[in-house]
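**Q** Sequence below, structure please.
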Amino acid sequence: MPNDAPAQETDGLTVGRTATLVGVSVKTLHHWDGIGLVRPSGRTWSGYRLYSGDDVARIHRVLVYRELGFPLAEIGRLLDDPDVDARDHLRRQRSELVARISRLETMVGAVDRMLEASRTGMRLTPEQQVEIFGDDWQPGWVDEAEERWGDTAQWAQYAERAAERTPADWQRIADTTHDLERDFAAAKRAGVVPGSAEATALAERHRAVLSGYFDCTHAMQACIGRMFVDDPGYVSHYDGLAPGLTSWLRDVIFANARAHGVDPETATWE
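**A** Numbers count the residues shown, from 1 in each chain. Below is the predicted model:
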């Protein structure tokens, strides 16, 4: 028999129109009719199902119970039990739905925070970033870095590690970086020569700091050393700590790379 056909009567909805109205399939309504859960109150002269307003209201109650996780057999018992106070039960349903909405909203908030963490790789507010990294820190640098390196394996590694770090973790990293930069400046002023044991130790400390973000090889560090002297922002930062520090740091990194069999001038990002 067809699922829907023009009705000769005007006091009911055909199964197709009812399915569209309540948002379920015709097959579902046929199944509910078959198990006695929602039987249409009327038929056309040719035998097609017709659903009354009360039938549609029952379907909506079934949908609410189903959303709450009740099995169909239990839903039928609740709807047909004369001892069940329908209004009281609907009030309990509403209370459970409100509680579920609250839980889902909490989950959505958690997912949004996780998405933000995975996007930036850093679970710090802009205010926290400035507090930890210093007044000259610009939170927008994180977005610029992602735009520049976001499609690399190293950025993915950074984002995964960074998303797990707490503000205390970032504070320790910032303190370690500041101590290293202070020692860079002191060594430059003291005339430490690139390639010397003291300079090599500083280069390895620098590589260790970088490796906290991603696994940094000597070739990668050499690429970063070249970038330092080509980027006005880095030149301003390092030369602000000690005149000529940027070029000196590059030379220290280059000397350490050569000691490990890497030509810093031709090194490529791995």
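**Q** what number of residues lie near residue 55?
**A** Residues near residue 55, counting by other C-beta atoms under 10 Å, number 21. No exception for glycine: its C-beta is placed from N, CA and C like everyone else's.
**Q** part of a helix, is it?
**A** Yes. Checked against DSSP: H, G, I helix; E, B strand; the rest coil, residue 55 lies within a helix.
**Q** any idea how the protein splits into domains?
**A** Domain segmentation of the chain under automatic domain parsing yields 13-84, 121-259.
**Q** Can I get these in a markdown table including mean pLDDT?
**A** Shown next, in a markdown table, are the domains of the chain (pLDDT from 0 to 100):
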| stretch | mean pLDDT |
| --- | --- |
| domain 13-84 | 89 |
| domain 121-259 | 88 |
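**Q** Contact partners for the nearest residue to residue 42 once chain neighbours are set aside?
**A** Spatial nearest neighbour of residue 42, excluding adjacent residues (C-beta to C-beta, 6 or more residues apart in numbering): residue 50 at 3.8 Å. For residue 50, the contact set (C-beta atoms under 8 Å, 6 or more residues apart in numbering) comprises 7, 9, 11, 12, 13, 14, 40, 41, 42, 43, 44.
**Q** Can you tell me how far the last one is from residue 52?
**A** To tie it back to what came earlier, the one meant is residue 44. Look at residue 44 and residue 52: by C-beta to C-beta, to the nearest Å, they are 13 Å apart.
**Q** and the residue of the chain most remote from its centre, which of the three is it?
**A** In the chain, the residue that sits farthest from the middle, by C-alpha atoms, centre = their mean, is residue 45; the gap is 57.5 Å. Here residue 45 is recorded as coil under three-state DSSP.
**Q** Is the residue nearest to residue 42 within a helix or a strand, and which one?
**A** strand 49-51 (DSSP states H and E).
**Q** The stretch 1-150 of the chain: strands as residue ranges?
**A** 13-14, 42-43, 49-51 (DSSP state E, counting those that start in this stretch).
**Q** Could you tell me which strands the first one is paired with, and in which direction each runs?
**A** So that's strand 13-14. As defined by DSSP bridges, the strand partners of strand 13-14 come to strand 49-51 (antiparallel).
**Q** picking that back up, for residue 95, find the nearest of the domains of the chain.
**A** domain 13-84 (10.7 Å; C-beta to C-beta).
**Q** Now do that closest one: distance to the chain's middle.
**A** 40 Å (C-alpha atoms, centre = their mean, to the nearest Å).
**Q** Likewise for stretch 76-95?
**A** Distance, centroid of stretch 76-95 to centroid of chain: 40 Å (C-alpha atoms, centre = their mean).
**Q** Please point out which parts of it sit buried.
**A** Across stretch 76-95, burial judged by 16 or more other C-beta atoms under 10 Å covers 76, 78, 79, 89, 93.
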